[in-house]
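S.K.: Next come a sequence and a model predicted from it.
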Amino acid sequence: MTTENQIELDLLAKLADLKYTYRPDIRDRAALETNFRGKFQQLNRVNLTDEEFARLLEEIVTPDVFTAAQTLRTRNSFVRADGTPLNYTLVNIDDWCKNTFEVVNQLRINTDYSHHRFDVILLINGVPVVQIELKTLGINPRRAIEQIVEYKNDPGNGYTRTLLCFMQLFIVSNQHSTYYFANNNARHFSFNADERFLPIYQFAAPDNTKITGLDAFADAFLPKCTLGHMVSRYMVLVASEQKLMMMRPYQIYAVKNIVKCIAENSGNGYVWHTTGSGKTLTSFKAATLLKANPAIEKCLFVVDRKDLDRQTREEFNRFQEGCVEANTNTGALVERLISDEAADKVIVCTIQKLGLALDENSRRNKSREKRGLATYAEQLDALRDKRMVFIFDECHRSQFGDNHQTIKAFFPKAQLFGFTGTPIFTDNATYKQITGDEKTLKTTEDLFQQSLHEYTITHAIEDRNVLRFHVDYYKPDGHNASCPLPKAGETLAKRAIVDAILAKHDAATGGRKFNAIFATASINDAIEYHRLFDAAQREKQQADPAWQPLNIAAVFSPPGDVSADVRQLQEDLPNELEDNQHDPDTKKAALSAIVADYNARFGTNHRIEEFDLYYQDVQQRIKDQQYPNADLPMKGREKLDITIVVDMLLTGFDSKYLNTLYVDKNLKHHGLIQAFSRTNRVLNDTKPFGHILDFRDQRDAVDAAIALFSGAKGEEARQIWLVDKAPAVIEQLQAATVKLHDFMQAHGLSAQAEEVGKLAGDEARIGFVKAFKEVQKLQTQLDQYTDLTPEQHEVIEAILPRDELTAFRGQYLETAKRLRDERAAVGGRNGEGKHEELAQLDFEFVLFASATIDYDYIMKLIADFSTKKPGKATMSREQLVSLIAADAKFIDEREDITEYVMSLQAGEGLLEPAIRDGYQRFKAVKAAGELARLSARHGLTIEALQGFVDGVLARHIFDGEQLTELLAPLELGWKARAQKELALMGDLVPLLKKRAGGREISGLQAYED
């Protein structure tokens, strides 16, 4: 195997080929700062005194990554010793290619608490902007990235106290796999409890082929000018969130091609980037780069719905505060179009407003004419011969109508660019154009001339930017000749569908961790389904009072006279608009009843006269699925489980916690892909796929859509888009379980959970963690399959019975906790042998946390155990303890809860409030005992030690001065005090970490090391 040192030497040679200047003399902080000083003075044509340079460093070095990133990209001011101002930049921001590019290796930065050595760092004009961490082959890159996060979290580290604060990018490579990601402040640079990891990237060629080898990556990404552009043009500073974002390769190629097309004035074009791939960021970047082009008069980003107008404007302003103002009406839009202000160069508007302005016969233009005022079209006449750029979001919608032609006619020199996730081809075209006597179907290419870049759903699935799909074509149980299956596209009885959804919803949504949309064929169907769900759930509750009903809402456009906001919303929902022409009064009454039911359920006060507010509230409740029930005021009762729709929410709506689409409507082509794509946003390993439960057996439509939208990979698309069928996953589970059993036997143990504790040595424990994690991943996937037959359930149970699986989960968490604590004790640093492997271990605790089992649920079970006679409770004491041990949420509290459960008597008769109070008292007594033993062991008073611990936990900051004060009464010499300090902290660190409940305590890392 190639050593890490050899990989580093090869990279240095490659960078020399790319004309970087190698600086072997820069190995410490002083040399780094001296080099920066020389480059700074040369660039800004100034000589600073030592005092001035020290003060400059003090001003620019900051622990805030976002502030540092802004300083790097802007012109700044500094007051010299004589009081004169110096306007300076750290690098040549006008032309990044003209900076000096240097490479250093094995740089050591020593600060108060950290002593880090960095493999390779790239300097632009003496500023360290890229860190490259090299690993040996086989190391999990995600774990390597986590290590960088750990290093950055060290108190007083080099990233916060030195020029390393300007680090923009991190690159991690084991020679064969290379990843990169943006630096950020802690809240955007952490691996949180849900294991929703940092956005990490692999570079790719324009055809989306991955560039993974370090050598090839260096050729594509690290040429000096390319790297300069990556940092200056293709990173986005999200002002509202104080966050740095890196553009993905396909976004970069799309922007480059649009800018090139405009520079060469070579016509129009469209970008095919699949749903969920970040089209708004791409278009924002294209628009902002055009701001600097003097040949372009205006750039309009055109959307076709009122809510998208607001959403897109907010998204643009999220990337850059105040860059796009609201256009409250057509008049305001026209004013901004004719304005010469720089702030008005990029405008977001709806196509409806633009159409009204340009149409001489529109009501508003006619009204202005009657009043003797210049029409909007006349006001805009001065722009006719100017070069205008129009960027259309989701260009397959109303741009196919007359507005598109109006824009082309009014602005003959305009260039039009369209973004779409689902282009219109001849096969899925519905809008007809008439040329002479010929009537032909209109496609995306007809409108926009040429494809500028393609990134299909196939590419996105391969890149893990979106998930694959599991499609369950529902068959009713026990169907026979007397009760034949419906033909493709036909529907089952609605009550049968409702019963099937209620039976399958918990499995489909991972125990209600996720939620679902139910797509119906008409407004009447949506109304009927809402009624049927209500009736079916009442029946289930009567039969089983313990049944927890699902929260169900419905949204469809209201009929009759509606507000302007809703009218704009309806323009993109022609089927609902048409539907509302029939018996509108009945539909209106039904929607009023649905909204009234919603108000009663959630304590809201919505009316259909203000439908837009109701619609926004529904969307927010769907998104609230992301929050743990315990964190919400109504403990999760405010969430929506299923939202019944007709056309709404099936395009444009995103929520990572929406994983299921129930379908009782005919879908095809782009409509099918758009609807399916609501479910496939990536979260973590608890969401292995987007789930579709289709009640119309639309296999042919799914196959046709996959073939149409797969781009160049049509042949293999089904294998890429769709997850393995249940039998294949069951086989994989069988193989993983056999592998686990073989592993246990190879260590002289039987394949029983209780034997895991006998594994000797970390190497064996690491092996068990890896083996069982694979079993759990497959089990999680199968748990969400809704098309398993009773026979398949039996096979899965036989492979690893549920009780045995639970017992293994408990052993896994016990083992993982032990290894995690050991890794923390050595600071997660790379070492030799087992420590290297331990440092790279990825525990994926999220796989072992149930959505339904939380603190409240456990307290209810304990109360049930206490109030019922032995043998009558839902769970025995042993089952309760096993359940607690098998869930990662209790990993730091399992010992306390288990001891408490063991101290209770079955049938004792304690109700839930008494159980909760008793547990808090139990913990308080236990904690007081722990502290009393510690104070006695170290010769401290209980009051002083308690005050010290309370102070640390209140601020989540460890203060060394407070520790000195705590030990002062012992009157120890410096050597004895240092030994006492280490001994005391050795006992206190685990106690503090446990009581912090998973929250980080700043400054504690020094004692963990």
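M.R.: Right, received. Where do you want to start?
S.K.: for the closest residue in space to L672 that isn't next to it in sequence, what are its contacts?
M.R.: For L672, the nearest residue in space outside its immediate sequence neighbours is A705; the separation is 4.5 Å by C-beta to C-beta, 6 or more residues apart in numbering. (Each C-beta comes from the backbone N, C-alpha and C, glycine too.) The contact partners of A705, taken as C-beta atoms under 8 Å, 6 or more residues apart in numbering, are K668, H669, H670, L672, I673.
S.K.: Figure out the helix or strand that A705 lives in.
M.R.: Counting by DSSP states H and E, the element that carries A705 is helix 699-708.
S.K.: same question, I517
M.R.: Secondary structure (DSSP H and E) places I517 in strand 515-520.
S.K.: That strand - which strands sit beside it in the sheet, and in what orientation?
M.R.: Looking at strand 515-520 with DSSP bridges, its paired strands and their directions are strand 642-645 (parallel), strand 658-664 (parallel).
S.K.: Format these as a markdown table; extra columns: mean neighbour count and distance to A519.
M.R.: As requested, the strands paired with strand 515-520 are exported to a markdown table (neighbours: other C-beta atoms under 10 Å; distance: least, C-beta to C-beta, whole Å):
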| stretch | mean neighbour count | distance to A519 |
| --- | --- | --- |
| strand 642-645 | 24 | 6 |
| strand 658-664 | 26 | 5 |
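S.K.: Figure out which of these is closest to G83.
M.R.: Nearest of the strands paired with strand 515-520 to G83, taken as C-beta to C-beta: strand 658-664 at 59.8 Å.
S.K.: for the closest one, the distance to its chain's centre please.
M.R.: 20 Å (C-alpha atoms, centre = their mean, to the nearest Å).
S.K.: Show residues contacting that strand.
M.R.: Outside strand 658-664, the residues that reach it (C-beta under 8 Å, 6+ apart) are 491-492, 494, 497, 501, 505, 508-510, 514-521, 525, 529, 622, 625, 642, 675-676, 678-679, 681, 687, 689-696, 698, 784.
S.K.: hmm, 6 Å instead?
M.R.: The set of residues external to strand 658-664 that reach it, using C-beta atoms under 6 Å, 6 or more residues apart in numbering, is 491, 497, 501, 508-509, 514-520, 678-679, 687, 691-695.
S.K.: Are any of the residues you listed buried, and if so which?
M.R.: Applying a neighbour-count criterion of 16 or more other C-beta atoms under 10 Å, the buried members of the contacts of strand 658-664 are 491, 497, 501, 508-509, 514-520, 678-679, 687, 691-695.
S.K.: List the buried residues in stretch 421-431.
M.R.: By 16+ other C-beta under 10 Å, the buried positions in stretch 421-431 come out as G421, T422, P423, I424, N428, A429.
S.K.: Please work out the average pLDDT along it.
M.R.: Within the predicted structure, the mean pLDDT of stretch 421-431 is 76.
S.K.: Convert that stretch to PDB, retaining C-alpha atoms only.
M.R.: Once non-C-alpha atoms are left out, stretch 421-431 reads as follows in PDB (Å, rounded to 0.1, in the frame of the first residue of the first chain):
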ATOM      1  CA  GLY A 421     -35.700  19.600 -14.200                       C
ATOM      2  CA  THR A 422     -38.000  17.900 -16.700                       C
ATOM      3  CA  PRO A 423     -37.600  19.200 -20.300                       C
ATOM      4  CA  ILE A 424     -40.400  18.900 -22.800                       C
ATOM      5  CA  PHE A 425     -39.600  16.500 -25.600                       C
ATOM      6  CA  THR A 426     -41.800  15.400 -28.500                       C
ATOM      7  CA  ASP A 427     -43.000  12.400 -26.400                       C
ATOM      8  CA  ASN A 428     -44.300  14.500 -23.500                       C
ATOM      9  CA  ALA A 429     -45.300  17.700 -25.400                       C
ATOM     10  CA  THR A 430     -48.900  18.900 -25.100                       C
ATOM     11  CA  TYR A 431     -48.700  22.600 -26.200                       C
END
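S.K.: N185 and V149: what is the separation?
M.R.: 12 Å (C-beta to C-beta, to the nearest Å).
S.K.: Also V775?
M.R.: The gap separating V775 from V149 is 28 Å, by C-beta to C-beta.
S.K.: again with E930
M.R.: Between E930 and V149 the computed distance is 31 Å (C-beta to C-beta).
S.K.: Compare the two (neighbour count), which wins?
M.R.: A side-by-side neighbour count of E930 and V149, using other C-beta atoms under 10 Å, places V149 first with 18 against 14.
S.K.: Are we agreed that the more buried one is in a helix?
M.R.: Yes. Counting by DSSP: H, G, I helix; E, B strand; the rest coil, V149 is found in a helix.
S.K.: And the pLDDT at it?
M.R.: The pLDDT attached to V149 in the predicted structure is 78.
S.K.: what helices or strands is the very next helix or strand once past the helix holding A705 leaning on?
M.R.: The element immediately downstream of helix 699-708 (helix or strand, assigned by DSSP H and E) is helix 717-721. Packing contacts for helix 717-721, counted by 3 or more C-beta pairs under 6 Å, 6 or more residues apart in numbering; DSSP states H and E, involve helix 457-462, helix 699-708.
S.K.: now the residue lying closest to K285 once chain neighbours are set aside: how far from A526?
M.R.: For K285, ignoring the flanking residues on the chain, the nearest one in space by C-beta to C-beta, 6+ apart is V255 at 5.0 Å. Going from V255 to A526 by C-beta to C-beta gives 40 Å.
S.K.: Comparing the two, which residue is more hemmed in?
M.R.: Higher neighbour count among V255 and A526: A526, with 28 against 25, using other C-beta under 10 Å.
S.K.: which parts of the helix ranked longest in the chain are buried?
M.R.: Scanning the chain for the helix with the most residues, using DSSP state H, yields helix 912-938. Of the residues in helix 912-938, E912, I915, R916, G918, Y919, F922, K923, A927, L931, L934, S935, H938 count as buried by neighbour count, 16+ other C-beta under 10 Å.
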